[in-house]
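In: take a look and give me a structure for this.
(2 chains)
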Amino acid sequence: MDPVTIGLYGVLLPALAAGFVLAVGWRVWSAEPERIDGRWSGAPALALAFLVGTVGISGLPVVPGGDQTPTGLDWLAWVALLAGAVLALQPRLGRWGGALRGILAILTIELVLRNKITAAWSEGSEGIQWVLGLLALLFVDWLALERLARRPGASGPLVLWLLAAALGGLAALSGSVTIGQLSGALAAGLGAALVAAWWRPRVTLAGPGVGVAAIVIFGLALNAHFFSYTSGIDVLLFAAAPLFGLLADLPKLRRESGWAQTLLTASFVALPIAVALTRAVLAYESDPYADYYDY
Amino acid sequence: MKFMPLAGGLALAAAFVTLTVRPTEAEPLAAQPAPASAPADLKIDGGHSSVVFRIKHNGAAYFYGRFNEVTGTIVYDDGDASKCSVEIDINAESVDTNSSKRDQHVLSPDFLDAKQFPRLAFKSSKVTEKGGMLVATGTLEMHGTKKEVTIEIEKTGEGEGRGGKVYGFHTQFEVDRTDFGMDNMVGPLGKEIVVMVGLECKGA
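Out: So this is what the prediction gives:
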């Protein structure tokens, strides 16, 4: 795929798709702010960005039940579609919203790792232990990202954008260009959300938007580690990044200015990400054939 | 002149030895069952078999790689092709492109996705004979996709190995990797992959 095509399908179209849905959401909300909760649009915006990127980069995801076995990335596209649709309803679901998030988290891990679970983890308790551990990790990250996104300002979209963009680099450096490009497509959608949050601070990803972003980023990281060659340590450093962002909430570090607080949060989040990327760059450069295969 | 009878005697003796040894050498062949009498159940000898593939790079040169682990079985009947069957199993993770980092990329979700689809396999459903070649129709499984393909298999020879009789087969066929869901980097890397398989088989 040439750079122009990548730029179109991996950056421009996902950003436009997400920006369009967020703009529609904001317009609808601003027309009837009393009746409509404007947060709904974050979920379909990010899901659409990811799906546009997936179709442009990898083609239509494989439909389950046919001659082709869906890959973890195919399943992630279907999960993103489902999450985009149902999480948009989350603001209306009240206490049932928590159950919905739980079901989506289980589905994400079960479906993305389906080929691993059916082949390597089909016997014994190893699979159950992995799924429960990953479920706990996803929940912790999801809650941390939700907390960051509820702050006023652009902290939420900025942190999510950092995670998605850096995961793209990490995945590409450690084995799979495709996973890197798909992370880039999500990052483009999050970039649009970031611009929207600057433009209209009431545009937020809190709630539905964070849900889709957490699911897709986590699903991409699962693909990168279990089906490609991204190391477990690097994935754990990424998983720890949202928790580092919460350090900016400590009383002695809290800043009055929204901008200062946003930058402080982003800096904390960037720390473990930078360590993981540095490790990946060093590992990549250690390949003695790296200069010879420009394929 | 005493020399002549001696030389003649040696020549006669040599001729006698030759004539008496020849039938002894021929005995095992005569004792073997006729090849068409029963199908032979054969096992692929991975140590003496090769799976090589080629793909065009940058529209210019053919690049060759190989898979180092191949197993499987062949049922071979010299007289009746319909009694033949072929099963070939290749460990995707044994791919070898002369660069460990490139192997890793070929194995990643960008191409073979070997951690999700660890084997490439062919299993025949019907075998016929055409022009001295076996024509095997069956299912080729690659990258989690199954497609029906027809391949021509040439019997390249028979010989004696340490464990008994061995048979040699060769096939070469072309697949469009995008038919198997491997759409990545079409352009710099060709869509068509030519697969060359040389198999040495021995009694199962």
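
In: which neighbours in the sheet does the host helix or strand of residue B:87 have, and how are they oriented?
Out: When elements are defined using DSSP states H and E, residue B:87 is found to belong to strand B:85-91. Partner strands and pairing direction for strand B:85-91 (DSSP bridges) are strand B:70-76 (antiparallel), strand B:119-130 (antiparallel).

In: which is the next helix or strand following the last one?
Out: Pointing back at strand B:119-130 there. Past strand B:119-130, further along toward the C-terminus, the next helix or strand under DSSP H and E is strand B:133-142.

In: so, in contact with chain A or not, that next one?
Out: No: contact between strand B:133-142 and chain A is absent, the nearest approach being 9.6 Å (criterion: C-beta under 8 Å from any C-beta of the partner chain). Heads up, the C-betas are built off the backbone N, CA and C, glycines and all.

In: dump that strand to CSV, keeping only the CA atoms.
Out: The C-alpha coordinates for strand B:133-142 follow below in CSV (Å, rounded to 0.1, in the frame of the first residue of the first chain):
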residue,chain,number,x,y,z
MET,B,133,1.0,-37.6,-14.0
LEU,B,134,-1.2,-37.9,-11.0
VAL,B,135,-3.9,-35.2,-11.0
ALA,B,136,-5.0,-34.5,-7.5
THR,B,137,-8.0,-32.4,-6.7
GLY,B,138,-8.4,-31.5,-3.1
THR,B,139,-8.6,-28.8,-0.4
LEU,B,140,-5.7,-26.4,0.1
GLU,B,141,-5.8,-24.8,3.6
MET,B,142,-3.8,-21.7,4.2
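
In: now what about the following helix or strand past the strand holding residue B:87, what contacts it?
Out: Next in sequence after strand B:85-91, counting helices and strands by DSSP H and E, comes strand B:95-96. Counting contacts by C-beta atoms under 8 Å, 6 or more residues apart in numbering or on different chains, the residues outside strand B:95-96 that touch it are B:65-68, B:103, B:106-107, B:112, B:114.

In: quick check, nearest of these to residue B:137?
Out: Proximity of the contacts of strand B:95-96 to residue B:137, judged by C-beta to C-beta, is greatest for residue B:67, which lies at 22.5 Å.

In: number of residues surrounding the nearest residue to the closest one once chain neighbours are set aside?
Out: Closest residue to residue B:67 apart from its sequence neighbours, by C-beta to C-beta, 6 or more residues apart in numbering or on different chains: residue B:51 at 4.3 Å. Using other C-beta atoms under 10 Å in any protein chain shown, residue B:51 has 22 other residues around it.

In: can you give me the buried ones in the helix or strand hosting residue B:51?
Out: Element membership for residue B:51, per DSSP H and E: strand B:50-57. With burial defined by 16 or more other C-beta atoms under 10 Å in any protein chain shown, the residues of strand B:50-57 counted as buried are B:51, B:53-56.

In: let me have these in a markdown table, extended by pLDDT.
Out: Written out in a markdown table, the entries for the buried residues of strand B:50-57 read as follows (pLDDT from 0 to 100):
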| residue | pLDDT |
| --- | --- |
| B:51 | 98 |
| B:53 | 98 |
| B:54 | 98 |
| B:55 | 97 |
| B:56 | 96 |
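
In: got the confidence number for the residue nearest to the spatial centre of chain A?
Out: Geometric centre of chain A, nearest residue: residue A:217, 2.7 Å, by C-alpha atoms, centre = their mean. pLDDT for residue A:217: 98.

In: how much space between residue A:264 and residue A:201?
Out: To residue A:201, residue A:264 is 18 Å away according to C-beta to C-beta, to the nearest Å.

In: what about the nearest residue to residue B:93 once chain neighbours are set aside, which SS state?
Out: Once flanking residues are discounted, residue B:93 sits nearest to residue B:114: 5.0 Å by C-beta to C-beta, 6+ apart. Per DSSP: H, G, I helix; E, B strand; the rest coil, the local secondary structure of residue B:114 is coil.

In: thinking residue B:114 is in contact with residue B:90, fair?
Out: No: with contact taken as C-beta atoms under 8 Å, residue B:114 and residue B:90 are classed as non-touching, separated by 10.7 Å.

In: my read: the residue nearest to the centre of chain A touches residue A:189, true?
Out: No: with contacts counted by C-beta under 8 Å, residue A:217 stays clear of residue A:189, the gap being 11.6 Å.
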